[in-house]
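[1] Sequence plus predicted model, see below.
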Amino acid sequence: MKNSWTGGEAARPIESAEENLAVAVHRLEPGAFERLIERFEAPLYSYAHGILQNPFDAQEVVQDAMMRAHRALTRQYNEERCASLALRPWLFRTVRNLCLNKRRGKRHELEQPLSEFDDGRMGPFVHLEGSDLERKQEVELLRRAIALLPVDARELIMLRFMEEMSYGEIAKTVGATEASLRGKVFRSLKLLREALERKGVAYAV
Amino acid sequence: MRCRPTLTRVDALRTGELPAEEHRAVEEHLKRCKSCEESVEDVERFARAVKALAVVAPPRPIRESLRTTDFFDQVENAWVAFSDRAIRMISGRSLEDLRSWYAKRYGRTLERAPIPEPLRKQVIAALHGEGVDKPAIDLRDASELERSVLQTLTRIPRGEVRSYSWLAQQVGKPRAVRAVANVVARNCVPFIVPCHRVVPAGGGVGKYAYGSEMKRDLLKREGVDVDQLDALAREGVRFIGSKTTKIFCFPTCRDARRIREENRVPFHEVDEATEKGFRPCHRCQPKVA
């Protein structure tokens, strides 16, 4: 049976290392699953945090997602399916679905306006380089602006610009067409730009 | 192409993801339109800026909560797989059998490690059908049904047998006999969890992972009169009642075995017994109608 996860002619070529990783996990090669965790735990955690804005929930979701991934790759999928699996979007989608389940239970809490900035709900992102004060402040502003975006916009910004996914991969992750995503990413960027302009930062790095 | 559709495509143009035709159309528009051309650089700036916010690892590493290997050791003739806390699987055949079964069931590999001494003693006792304290069994990956079936199985005393329908009833799923029987068949800790003490209601000892012959021997060794069971089943007798107490039991129940010959009343059905004023035994709990 063909499903959206197996490659069709529409699927973009996947990084071969990742493709092999799914098969390696399926074959129970020593250390394969550890490699998968190492490769994906930070991006998945940051993504989950972006949706849930809560470190504990994000940790729980990623843990659960990894367990599900392990079960699926080792026991539920056959080798052929693992080989044709688009691993990255598949993992992100698993995390996304679990996050949305979690959000559903706490919608009220999350919809409270975030006027007073709460550090726990801000993204888990750290800025690695750059020490001069002005730059730090700008990065801080960008971080806040992203954290204050509506969740759909924030999610797309993260997938597209932090994770650097292709539109094809994002389409698989969130379940939309590439054409509609182009528009959505454009609007998300516009929201972000407006938020920054309100703070007096015309974004320039 | 006009401004708006161009703007939505600028980001995809940046990474070269547009179909050839659109790619050309967008580039053409950008040459003519100054404001749209500026947006290209704008998007690039944003991409760089957001990218500079690095992702971070979860506060507790995920790896710590997910094991991908467990351990095995040989205990007498059996190969035993165990986790950091308890027994997970036993194979009486070979290490290869254990490994492949384990991979299929749990998706994990096994490393050799000495089994903790108290656990080893308990396993040995259980393999010989002795020992009061059973080794702990790791049921973390088991489903709710599996868990309750395995726990109920351990309650069947040595020297007695029960039927699959009894088991289904005990776990609170009287109609899921087949599903319950499948769980029994997939029991990954045979001998320790006595799945051999479940037999078909229609007589005979039924199937067993290590062959019916072995199941029969095991039961005989535990003191079950298998031949008598067969004889009863052939006549369709499923319960034995006592004239003096007006209680009926499974034939192998310890309370049924001590009924004197002259006081024994055979029953074929639960209804038959209850109609005659008998009540089910509290210990072996034949079907409570």
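    That came in fine, so what should we check first? Numbers count the residues shown, from 1 in each chain, chains lettered A, B, ... in the order given.

[2] Number of residues surrounding B:I87?
    By other CB atoms under 10 Å in any protein chain shown, 24 other residues sit near B:I87. Backbone N, C-alpha and C define where each C-beta goes, glycine included.

[3] ok, now which ones touch it?
    B:80-81, B:119, B:123, B:135-138, B:189, B:192 (CB atoms under 8 Å, 6 or more residues apart in numbering or on different chains).

[4] Let me know the closest of those residues to B:H29.
    B:D138 (64.0 Å; CB to CB).

[5] buried subset of the contacts of B:I87?
    Buried subset of the contacts of B:I87 (neighbour count, 16 or more other CB atoms under 10 Å in any protein chain shown): B:80-81, B:119, B:123, B:135, B:137-138, B:189, B:192.

[6] would you turn these into JSON lines with secondary structure and distance to B:L219?
    Listed next are these as JSON lines, based on DSSP: H, G, I helix; E, B strand; the rest coil; distance: CB to CB, whole Å:
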{"residue": "B:V80", "secondary structure": "strand", "distance to B:L219": "23"}
{"residue": "B:A81", "secondary structure": "strand", "distance to B:L219": "26"}
{"residue": "B:L119", "secondary structure": "helix", "distance to B:L219": "26"}
{"residue": "B:V123", "secondary structure": "helix", "distance to B:L219": "21"}
{"residue": "B:P135", "secondary structure": "coil", "distance to B:L219": "21"}
{"residue": "B:I137", "secondary structure": "strand", "distance to B:L219": "22"}
{"residue": "B:D138", "secondary structure": "coil", "distance to B:L219": "27"}
{"residue": "B:V189", "secondary structure": "coil", "distance to B:L219": "18"}
{"residue": "B:I192", "secondary structure": "coil", "distance to B:L219": "16"}
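
[7] contacts with chain A among the residues you listed, please.
    For chain A, no contacts are drawn from the buried ones among the contacts of B:I87 by CB under 8 Å from any CB of the partner chain.

[8] Kindly indicate which of those lies nearest chain A.
    B:A81 (14.0 Å; CB to the nearest CB).

[9] Does chain A have contacts with the helix or strand bottoming out on mean pLDDT in chain B?
    None of the helices or strands of chain B scores lower by mean pLDDT, DSSP states H and E than strand B:53-54, at a mean of 78. Yes: Strand B:53-54 reaches chain A (CB under 8 Å from any CB) through B:53-54.

[10] neighbouring strands for that strand, and are they parallel or not?
    Here strand B:53-54 has these sheet partners by DSSP bridges: strand A:126-127 (antiparallel).

[11] what's the residue nearest to B:A142 when sequence neighbours are not counted in contact with, if anything?
    Residue nearest to B:A142 in three dimensions, not counting chain neighbours: B:L150, with 7.1 Å by CB to CB, 6 or more residues apart in numbering or on different chains. Applying CB under 8 Å, 6+ apart, we find B:L150 in contact with B:137, B:139, B:142, B:183, B:187, B:189, B:193.

[12] Can you name the residue of chain B nearest chain A?
    B:G107 (2.8 Å).

[13] all strands of the stretch 151-289 of chain B, in order?
    Counting by DSSP state E, counting those that start in this stretch, the stretch 151-289 of chain B has strands at residues B:162-163, B:198-199, B:239-242, B:247-249, B:264-267, B:279-280.

[14] that older thread, for A:K136, see how far away the residue of chain B closest to chain A is.
    Going from B:G107 to A:K136 by CB to CB, to the nearest Å gives 45 Å.

[15] can you list the residues of the stretch 1-150 of chain B near chain A?
    B:7-12, B:15, B:17, B:42-43, B:45-63, B:65-66, B:68-69, B:103-105, B:107-109.

[16] Now the buried members of these.
    Counted by 16+ other CB under 10 Å, the residues of the stretch 1-150 of chain B next to chain A give B:7-12, B:17, B:42-43, B:46-47, B:49-50, B:52-53, B:55-56, B:58, B:62, B:68-69, B:103, B:105, B:107-109 as buried.

[17] The residue nearest the centre of chain A and chain B: what is the separation?
    Centroid-nearest residue in chain A: A:Y47, 3.6 Å away (criterion: CA atoms, centre = their mean). Using CB to the nearest CB, to the nearest Å, A:Y47 is found at 8 Å from chain B.

[18] which ones are touching that residue?
    Contacts of A:Y47 by CB under 8 Å, 6+ apart are A:92, A:95-96, A:155, A:158-159, A:163.

[19] which parts of the helix or strand harbouring it are buried?
    Secondary structure from DSSP states H and E places A:Y47 in helix A:32-52. For helix A:32-52, burial by neighbour count (16+ other CB under 10 Å) applies to A:32-33, A:36-37, A:39-52.

[20] Run the chain-centre distance for it.
    Here the centre of helix A:32-52 is set off from its chain's centre by 9 Å, with CA atoms, centre = their mean, to the nearest Å.

[21] after it comes which helix or strand?
    helix A:55-71.

[22] how much distance is there from the helix or strand that that next one is followed by to the middle of the chain?
    As assigned by DSSP H and E, the chain's next helix or strand after helix A:55-71 is helix A:79-83. Its chain's C-alpha centre and that of helix A:79-83 lie 23 Å apart, by CA atoms, centre = their mean.

[23] For the next helix or strand along the chain from helix A:79-83, name the packing helices and strands.
    Per DSSP H and E, the first helix or strand lying C-terminal to helix A:79-83 is helix A:87-105. Contacts defined by 3 or more CB pairs under 8 Å, 6 or more residues apart in numbering or on different chains; DSSP states H and E place helix A:87-105 against helix A:16-26, helix A:32-52, helix A:55-71, helix A:167-174.

[24] I'd like the average pLDDT over helix A:87-105.
    Average pLDDT, helix A:87-105: 92.
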